[in-house]
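Novice: Using only what follows, build the 3D model:
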Amino acid sequence: MKTTDINRLLGAATALYGAAVMARPEWLAKPCALPLEPGGRVPGDTGLLIRALGSRDLVIGLAMVAATDDDARRFATWCRVAADASDAVIFGTQLPHRQARLKAAGAAVSWAALCALSLRSIRS
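Specialist: So this is what the prediction gives:
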């Protein structure tokens with residue numbers, strides 16, 4: 001495996017996660033302890049926002065995978081890092097429950113760090 005494959009793999013995982021939460025918004029709502037309707041359904045307005053986050057992740061992940069030159073791959077990866085860093089701040093300060101804040105912010109910071117580290121594998 002070439003080292004740039006690590007960055008592409010992280011991009012593919014990002015895109016896959018984005019598509020997954022677009023299809024099943026409860027996969028983000030539940031760990032974030034967001035209010036659910038009876039039966040575990042995500043309310044429409046919450047689902048809309050989760051799908052928007054999912055589409056952002058899908059697009060950035062696809063850009064990481066499809067970039068044909070190193071500068072484009074770096075830019076897409078920095079977009080991923082910035083998105084995860086902002087998620088960490090927002091989820092870490094705004095979610096309704098402390099445990100959910102810690103869990104969501106920790107996941108976002110971890111993913112930002114992995115993607116930032118993968119920048120080292122892109123050489124030109």
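
Novice: Any buried residues in stretch 65-81, and which?
Specialist: Residues of stretch 65-81 classed as buried by neighbour count (16 or more other C-beta atoms under 10 Å): 65, 67, 73, 74, 76, 77, 79, 80, 81. From N, CA and C alone the C-beta is placed, and that goes for glycine too.

Novice: wait, doesn't the last one sit right on residue 112?
Specialist: Meaning residue 81. Yes: the pair residue 81 and residue 112 qualifies as a contact (C-beta atoms under 8 Å) at a distance of 4.9 Å.

Novice: hmm, who's touching whichever helix in the chain runs longest?
Specialist: Scanning the chain for the helix with the most residues, using DSSP state H, yields helix 70-94. Residues outside helix 70-94 that contact it (C-beta atoms under 8 Å, 6 or more residues apart in numbering): 4, 7, 10-11, 14, 32, 53, 56-57, 60-61, 63-64, 67, 100-102, 104-105, 108-109, 111-112, 115-116, 118-119, 122-124.

Novice: 7 Å - rerun?
Specialist: Contact with helix 70-94 is made by 7, 14, 32, 56, 60, 63-64, 67, 101, 104-105, 108-109, 111-112, 115-116, 118-119, 122, 124, as judged by C-beta atoms under 7 Å, 6 or more residues apart in numbering.

Novice: Same check on stretch 9-22?
Specialist: 27-28, 50-51, 53-55, 57-58, 60-62, 64-65, 80, 114-115, 118.

Novice: buried subset of those?
Specialist: Buried subset of those (neighbour count, 16+ other C-beta under 10 Å): 28, 50-51, 53-54, 57-58, 60-62, 64-65, 80, 114-115, 118.

Novice: of those residues, closest to residue 96?
Specialist: Closest to residue 96 out of the buried ones among the contacts of stretch 9-22 is residue 28 (14.3 Å), distances taken as C-beta to C-beta.

Novice: contacting residues around the closest one?
Specialist: By C-beta under 7 Å, 6+ apart, the contact list for residue 28 reads 21, 50.
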